[in-house]
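Participant: with the sequence up front, the predicted model follows.
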Amino acid sequence: MTALLAAEFRRMRSRHLVRIVAGLALLGIAIAGVIVAVRSSPEVGADPRFPLTMLPDVLKGTSIPLIIAGWLLGASFIGADWRVGTITTLLTWEPRRPRVIVAKVLACAVSVFALGMALQAVLGGVLSLDAMFRGTTEGIDASWLRETGGVAVRAATLATVASVVGFAVASIGRNTAAALGAGFAYLAVVENLVRGLRPAWQRWLFTDNAAVFITGGNVGLSFQRTMFQALVLLAAYAAALFAVSVVMFRTRDVN
């Protein structure tokens, strides 16, 4: 299992899509840093001065593309194996299918979490420089640090959950496009239909619970739920889909 995990981590790290996503994210962070620096003024009393105390809100906003990236990376990691047929080759080396798919999802989830934390750390570092030289760092204390760290961890955790969901759906559909299509259909159609026809079911929707988990509150929502409850529900959805993918992976032909 250790050798299998090591191999899957290497495969995840060497994937072109991971490098592309990371590169685009870093480019976006660099552009955002320049824009903030240009628009901010270092003079006291000037408007606007970029305050570093806004960083938690910035991380909450960037959690959405981070979650989408997690979904894409998870779906493509297993979807690419199905598309090019490397699943069959891998099973000749390790025929125990549950081990194979568990190793794959673990490598995917850990990698997405690490990438999410790293990108948010880079973004925080760039905006900190902007605040020190072109804005203000007033109000920065231990409470702010705990809040910022909490938001970053929650955003990376949600990206990880999304990667597992994307991985599971792509494995069930044996294609990356299946996960992307299912995700679009769910977000654009299913959730809107539920909100319109069954408002009482809103408390069970993925995006609403994701909002509760990220923001730490129920602002604008018609139900009350704690961050922990929202996380447990989202993790249960991911675990259920992954369990289905494991069962199907064990029983069907891989040729």
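Facilitator: Arrived safely.
Participant: going forward, measure contacts and count neighbours with C-alpha atoms only.
Facilitator: OK.
Participant: and Ile140, which of the three is it?
Facilitator: Under DSSP: H, G, I helix; E, B strand; the rest coil, Ile140 falls in the coil class.
Participant: now do the buried residues in the lowest-mean-pLDDT helix or strand in the chain.
Facilitator: Between all helices and strands in the chain, the lowest mean by mean pLDDT, DSSP states H and E belongs to helix 86-93, at a mean of 77. Across helix 86-93, burial judged by 16 or more other Cα atoms under 10 Å covers Ile87, Thr88.
Participant: next SSE downstream of that helix?
Facilitator: Reading on from helix 86-93 to the C-terminus, the next helix or strand found by DSSP states H and E is helix 97-134.
Participant: from the middle of its chain, how far away would that next one be?
Facilitator: Helix 97-134 has its C-alpha centroid displaced from the chain centroid by 9 Å (Cα atoms, centre = their mean, to the nearest Å).
Participant: buried ones in it?
Facilitator: For helix 97-134, burial by neighbour count (16+ other Cα under 10 Å) applies to 97, 100-105, 107-109, 111-113, 115-117, 119-120, 123-124, 126-131, 133-134.
Participant: cool, and stretch 138-157?
Facilitator: Using 16+ other Cα under 10 Å as the test for burial, stretch 138-157 gives Trp144, Thr148, Gly149, Val151, Ala152, Val153, Arg154, Ala155, Ala156, Thr157.
Participant: quick check: angle from the stretch of helix or strand Gln229 belongs to to helix 97-134?
Facilitator: Element membership of Gln229 [criterion: DSSP H and E] is helix 227-251. Computed by axes from the mean of the first three to the mean of the last three Cα atoms, to 10 degrees, the angle separating helix 227-251 from helix 97-134 equals 140 degrees.
Participant: who's in contact with helix 227-251?
Facilitator: Identification of contacts with helix 227-251 by Cα atoms under 8 Å, 6 or more residues apart in numbering yields 97-98, 101, 161-162, 164-165, 167-169, 171-172, 204, 206, 209-210, 212-214, 216-217.
Participant: and the residue most central in space within the chain, what does it touch?
Facilitator: Centroid check for the chain by Cα atoms, centre = their mean gives Ala159 as the closest residue, at 1.4 Å. Contact analysis of Ala159 by Cα under 8 Å, 6+ apart lists Ser63, Leu66, Ile67, Ile68, Ala69, Gly70, Trp71, Val112, Phe113, Gly116.
Participant: run the last query once more with 6 Å
Facilitator: For Ala159, the contact set (Cα atoms under 6 Å, 6 or more residues apart in numbering) comprises Leu66, Ile67, Gly70.
Participant: what sits closest to the second one if chain neighbours are left out?
Facilitator: Okay, so that is Ile67. Distances taken as Cα to Cα, 6 or more residues apart in numbering put Ala159 closest to Ile67, at 4.1 Å, once the chain neighbours are dropped.
Participant: off-centre distance for the strand or helix carrying that neighbour?
Facilitator: Assigned by DSSP H and E, Ala159 belongs to helix 142-173. How far helix 142-173 lies from its chain's middle: 5 Å, per Cα atoms, centre = their mean.
Participant: average model confidence for that helix?
Facilitator: Averaged across helix 142-173, pLDDT comes to 93.
Participant: beyond that helix, next helix or strand please.
Facilitator: Following helix 142-173 in sequence order, the next helix or strand is helix 176-185 (DSSP H and E).
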